[in-house]
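*Asks:* For reference, the sequence and a predicted model appear below.
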Amino acid sequence: MAELKELMPELPTTPIDPPLEVVAAGGNLMLCHEKVHVNLEIVTAAGPLHMSNIECLVLEEPEEELLLGKLTLQSIGVDLDGVFEQLAQQHINAAEAEADDIPSNHVDLCGATDEGEVDELLHSLVDEAMDAGFEPTMADDLRQLVLDYSDVFRVRLGHDAAADVQPLEVRLEGGAQPYRSGVRRYPEAQRQFLREYVRELESAGLVERNTQSRWACPALPVAKRGTDECRITIDYRPVNRLTVPLAGASLNLAVVTESVRGSYGFGAFDFHKGFWQMPLHPNSREIFSFVTEDGVFTPTRVPQGASDSAVHFQAQMNDVLKDLLFRSVFVWIDDVLLYARTAGEYLENLSAFFAILRQRKLKLNARKCKLFAKRVKWCGKVIDGEGVEHDPERLAALQQMPLLPTGAALQHFLCALNWLRDSMVDYARTTAPLQEKLERVMQSRGCRKAQLSGAILEWSDDEADAFRKTLEMVERLCKLAFPDKGATVCMFSDASLTGYALVLTQVRNWQDGVSVEEQQHELLICRGGLFKNAQKNWSIVEKEGYPIVKAFGDLDYMLVRDKGFHVYCDHSNLIQMFSPDKEVKQHVKGKLQRWALKLVGCRYVIHHIAGESNLWADIISRWGQPASPEAMEPLAVKRVTTRSSQTLSELRPLQDDEFTWPTRSEIVRVQQQHKDDAPDGVVETSDGIQLDGKLWLPSKAKALLKRLFMVAHCGPQGHRGVNVMVELLERRFVLAKVRPTVTRFINQCLLCKHVKGGLVIQRNWTVDRAVAQRNECLHLDYLYLGESYGATKYVLVLKDELTHYCELVAADAADSQTAVVAILDWNKRFGAPPAWMSDKGSHFKNEVVELLAERLGASHQFAPVCTPWINGTVERVNRDILQVLRVMLLESRLDTRNWVYLLPIIQANLNHTPVFSLGNCAPVELFTGLPAASALDIVAAPTERVLRDLPMDKDELREAVDELRRSLHGLHRTVRVAGSNSRLQGNKLLVRWVGPFQVTKALPHSFLIRHLLTGVEYDVHGSRLKFYHDADLDETAEIREHVSFQGIVLEVRGIVSHRFNVTSGELELLVAWRGLQDVENSWEPAHSIKRDVPTLVSQYAVAHELSELL
């Protein structure tokens, strides 16, 4: 500040009161007592920038520099984050700075070859080769060889003749017209550079002045990064658009590099100004003329930037080195890789290579060659005798990337990653979020880099996490081994709904008796991709088989081998391609069989891995995936239960002798215990603490709430859904967070798991009709419920459309007589509905029903055939009937033939249950005006009446109930025989879900589950499982009994004995069941067992001479 005042004595300063505390870049705190306004001039990348009247803070600490804040820099367009990102990309862009367009240093362009300087560099190359490990005994031979061929090395491009190769001749498209560019305006420095540079090119014979040229492209001087020097480039884009491109072949580096496997060493050579050594055909020179302010000049050598230049150069190098190509030499345009298996062979190959260069007048750059190394950088990769890996310097630049600020930076980043994808396990699925983000940006801004540069990116947490995982994947990049013809090749694949991944490995020394995951694998290549567009709709079989078929097509150069290879997958994936299942659609069958044709010509062995070993996870972790944290040793916690303790039934609590019905007095007592937690506005009366006339339930009274929930959910309530239970509770009680609490309770109900949910997505059940009054439209339908203990098989459902009120009428058959009587009963109680709706069955569409409709003045409408959704309102209640019936039969442990006796309870349940679409009103409330009853009414009713206990002997009552249960069990014993399978199929009243089962292992695409009683394991898909409990489920006797009641199909292991039952008057067999112990053998009716296993019964009858069974 003192120096500034010496320059400007009249500079005013403004005091700051109170002083302002600021944070410097290093985190130091500074106090500012004054500020000043000055004019600043800042030198930026765009040039000097003048800023007027900028407020600056005066620091007390002595500072020799002016500090600019981040906000100030952002105001002038300087983004510090972008600057740091550019610094991280310097290594990536370094190759662009070394582009060999046209000689960049005109001072060194033309001049005689300095033999002394070349010899000095060659001696240095030999010394470096010896340090790199070349055979010491052959050091003199190597040095002498290099010096003998010193004439093929250059440090400058002098007046050398063009190489002895075929000149480039360009063919123009038909009707092409010459392109002529005007003279562009250049700054003085660039004008001077162009003038001197072109004169030296002309004196070297590389260009000629052409005053008759019809073609002229503009010359563009470009400043070299970080220097004051320039390079010249020619804009040949107009000419390239008129050129018929050459057809040429380039190396597939993934295929050819395996030839260097086991090499002793390598040499990397670079041609000196390679394109300027290639001759240009006289017929094509004029086309590539360029113009400066000094005139038009025509090149005599191949210009870099023409569309045919690189293809022509590669073709000529392939021709020049054809005797060495793929045996000891690789060439990629002007970069040559020399290799050999021994030191002596290397000298021979090197001598042959130099001899060809001398013969063809080709020159090498002495400064850019590497005479010998055990591992070399070539074409952006590091190669040694064992494999290929990417340049660590380039990877380090990628690993330091911050979150990318623009769409252009993200595009550049993904392009750089794509070069590395063959070494990345599961690349496609890992980078999918980044690719999707880029595609969204390109849809709105365009695909060009200039368009994406202005697209500022905002990163969500998921996207930032995907970016972090991608950088971690770059850090764990894998080295690719060279294929060995004697090794065992293994292919592993993995597919998901969104994409697939594939890993190809080899094992040099296969150890018999050792599992595949324990072998010493070497990575050959990684492939993967995403399922896009129509592929997303493929079946599981197609998605599983696609990566295998694609690998057979893309990686045939590795898979076609004498010993064949091994495919580790689920065998069902491949067998579905050769023999599709009957359920596979016809067009999918055709595709699978076409895929199968691609596999026919390959030699492979399939190893079935149906989940017994999670090979994919093992393969992923083998190549550098982060290891999972070490798990702590599990702590065993044992629960001790005394004999006197009783556990309340979790499945059928209302039928448990130990269940205590909640009462109002108990609620009042619990309220007093948690009185401090009562919400504002409550009123305390003798009948308890109330809010808006409802009883308040404390949230901490877990035991009471659980019993109340059981009353509201189980028994006659029919295990209905969350909305129903919430409405029943909220009508009578006040409970905080009632919906999430009820949801957790229902999710733990095992019986609900059996009957609710499915794989079918429910759609609208009916079409909208204008119905304004109750009893305006009556819907009718017959629902088949199966066999009962009488002749009854059907139930006639009558439902009012507006209020959902329904009646259920049991029927022996679907006939018109039952329908007419039911309609007349409805009419005598509620009146005649003016409209009826039913299907076109003969039980509805007949003369009797038509006559009844005419007498009652009703319009009978019919739903078309095979369109049940037209009469969807009654179809919807049919589904509710089946669901409530299933769960009540299961809860009451009744046989399915007892459904007739439950119909009145089902009807009451449906009519008294609040419905969300009716404004949480019950159908009976809207149709009859009567209140909806609930089991909770007993709990919530005020205690105005005097209650008295009736004398009752509980022991006698319990004994009577047990006797009744035994009688029913004996009466219906044959119904529950586990050996019969026929009754388990096609019964509507059987539960949809059976269990619970114990999950024993998670396979890649399925699960192994174990039956709790038989111990039999099943392999099922995840979509066929519904979660019930964690692994710490206590398998109580009640749960085991519940499982046994679900109609287990057991296999007969043998017949042990026989007897004649005097009570039943029939012969019985003592049956041993497979999977059960001998103590669980049971006596079964002989005729029933004979029907199920006739061969086994006949063998037993013959052995024991039982003529009754023959």
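*Replies:* Structure received. Worth saying up front: this structure is predicted, and the values here are computed from it rather than measured.
*Asks:* Might one say that residue 793 is in contact with residue 810?
*Replies:* No: using C-beta atoms under 8 Å, residue 793 makes no contact with residue 810, being 9.1 Å away. Any C-beta I mention is one placed from the backbone N, CA and C, and that applies to glycine too.
*Asks:* What lies in contact with the strand or helix carrying residue 441?
*Replies:* Element membership for residue 441 (DSSP states H and E) is helix 427-445. For helix 427-445, contacts defined as C-beta atoms under 8 Å, 6 or more residues apart in numbering pick out 407, 410-411, 413-414, 417, 420-421, 424, 451-452, 454-455, 457, 462-463, 466-467, 469-470, 473, 496, 498-501, 526, 528-530.
*Asks:* got it, and stretch 5-22?
*Replies:* For stretch 5-22, contacts defined as C-beta under 8 Å, 6+ apart pick out 4, 29, 30, 31, 32, 33, 34, 35, 36, 38, 57, 58.
*Asks:* packing partners for the helix or strand residue 1058 falls within?
*Replies:* Assigned by DSSP H and E, residue 1058 belongs to strand 1052-1061. On a contact count with 3 or more C-beta pairs under 8 Å, 6 or more residues apart in numbering; DSSP states H and E, strand 1052-1061 meets strand 1066-1073, helix 1086-1092, helix 1094-1104.
*Asks:* Out of those, name the one with the poorest average pLDDT.
*Replies:* With a mean of 85, helix 1086-1092 has the lowest mean pLDDT of the helices and strands packed on strand 1052-1061.
*Asks:* In it, which residues are buried?
*Replies:* Residues of helix 1086-1092 classed as buried by neighbour count (16 or more other C-beta atoms under 10 Å): 1086, 1088, 1089, 1090, 1092.
*Asks:* What's the separation between the last one and residue 1084?
*Replies:* The one in question is residue 1092. Remark: distance between residue 1092 and residue 1084 (C-beta to C-beta, to the nearest Å) = 9 Å.
*Asks:* quick revisit: so what's the model's average confidence on the helix holding residue 441?
*Replies:* For helix 427-445, mean pLDDT is 85.
*Asks:* Same check on stretch 821-832?
*Replies:* Across stretch 821-832, the average pLDDT comes to 89.
*Asks:* if we look at that stretch, which residues are touching it?
*Replies:* By C-beta under 8 Å, 6+ apart, stretch 821-832 touches 775, 778, 780, 796, 798, 807, 809, 833, 836, 852, 856-858, 927.
*Asks:* before we move on, back to that, for the buried residues of helix 1086-1092, which one is nearest residue 537?
*Replies:* Closest approach between the buried residues of helix 1086-1092 and residue 537, by C-beta to C-beta: residue 1092, at 43.9 Å.
*Asks:* which ones are touching the closest residue to residue 320 other than its chain neighbours?
*Replies:* Distances taken as C-beta to C-beta, 6 or more residues apart in numbering put residue 360 closest to residue 320, at 5.3 Å, once the chain neighbours are dropped. Going by C-beta under 8 Å, 6+ apart, residue 360 touches 163, 164, 165, 320.
*Asks:* now swap in residue 752 and tell me
*Replies:* Counting by C-beta under 8 Å, 6+ apart, residue 752 touches 719, 746, 887.
*Asks:* Wait, a helix at the last one?
*Replies:* It stands for residue 887. Yes: under DSSP: H, G, I helix; E, B strand; the rest coil, residue 887 sits within a helix.
*Asks:* That one contacts residue 753, correct?
*Replies:* No: using C-beta under 8 Å, residue 887 is not in contact with residue 753, being 10.2 Å away.
*Asks:* ok, back up a step: give me the buried subset of the contacts of residue 360.
*Replies:* Buried positions within those, assessed by neighbour count (16+ other C-beta under 10 Å), are 163, 165, 320.
*Asks:* for residue 482, phi and psi?
*Replies:* phi -80, psi 140 (degrees, to the nearest 10).
*Asks:* That one: neighbour count?
*Replies:* Residues near residue 482, counting by other C-beta atoms under 10 Å, number 21.
*Asks:* Serialize the buried residues of helix 1086-1092 to a markdown table and add fields for distance to residue 200.
*Replies:* Below are those laid out as a markdown table (distance: C-beta to C-beta, whole Å):
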| residue | distance to residue 200 |
| --- | --- |
| 1086 | 114 |
| 1088 | 109 |
| 1089 | 108 |
| 1090 | 110 |
| 1092 | 103 |
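*Asks:* State the next helix or strand along the chain beyond the helix or strand containing residue 231.
*Replies:* Using DSSP H and E, residue 231 maps to strand 230-234. Downstream of strand 230-234, the first helix or strand assigned by DSSP H and E is helix 237-241.
*Asks:* Quick check: which helices or strands does that following helix pack against?
*Replies:* Packing partners of helix 237-241 (3+ C-beta pairs under 8 Å, 6+ apart): none among the helices and strands.
*Asks:* which of the contacts of residue 752 lies closest to residue 23?
*Replies:* Closest approach to residue 23 among the contacts of residue 752 (C-beta to C-beta): residue 746, at 55.1 Å.
*Asks:* pretty sure that closest one is touching residue 723, no?
*Replies:* No: using C-beta under 8 Å, residue 746 is not in contact with residue 723; the gap is 10.6 Å.
*Asks:* And the helix or strand hosting residue 541, how far out from the chain middle?
*Replies:* Using DSSP H and E, residue 541 falls within helix 540-554. On the basis of C-alpha atoms, centre = their mean, to the nearest Å, helix 540-554 sits 18 Å off its chain's mean C-alpha point.
*Asks:* helices or strands next to that helix in the packing?
*Replies:* Packed against helix 540-554 by the contact rule (3+ C-beta pairs under 8 Å, 6+ apart) you find strand 488-495, strand 499-507, strand 522-530, strand 565-569, helix 571-578, helix 586-600.
*Asks:* among these, which gets the worst mean confidence?
*Replies:* helix 571-578 (a mean of 58).
*Asks:* Counting neighbours, what do you get for residue 18?
*Replies:* Residue 18: 7 surrounding residues under other C-beta under 10 Å.
*Asks:* ok, now how distant is residue 23 from residue 59?
*Replies:* Residue 23 sits 12 Å away from residue 59, going by C-beta to C-beta.
*Asks:* Overlap of the contact sets of those two?
*Replies:* Common contacts of residue 23 and residue 59, defined by C-beta under 8 Å, 6+ apart, comprise residue 30.
*Asks:* Relative to residue 771, how far out is residue 832?
*Replies:* Between residue 832 and residue 771 the distance is 16 Å, computed by C-beta to C-beta.
*Asks:* More neighbours: these two, which one.
*Replies:* Ranked by neighbour count (other C-beta under 10 Å), residue 832 and residue 771 place residue 832 first, with 18 against 14.
*Asks:* Ramachandran angles for that one?
*Replies:* phi -90, psi 120.
*Asks:* and if you look at the one 3 residues further on?
*Replies:* Its backbone dihedrals place residue 835 at phi -140, psi 140, with angles given as degrees, to the nearest 10.
*Asks:* thought it was touching residue 856?
*Replies:* No: applying C-beta under 8 Å, one finds residue 835 not in contact with residue 856, separated by 11.0 Å.
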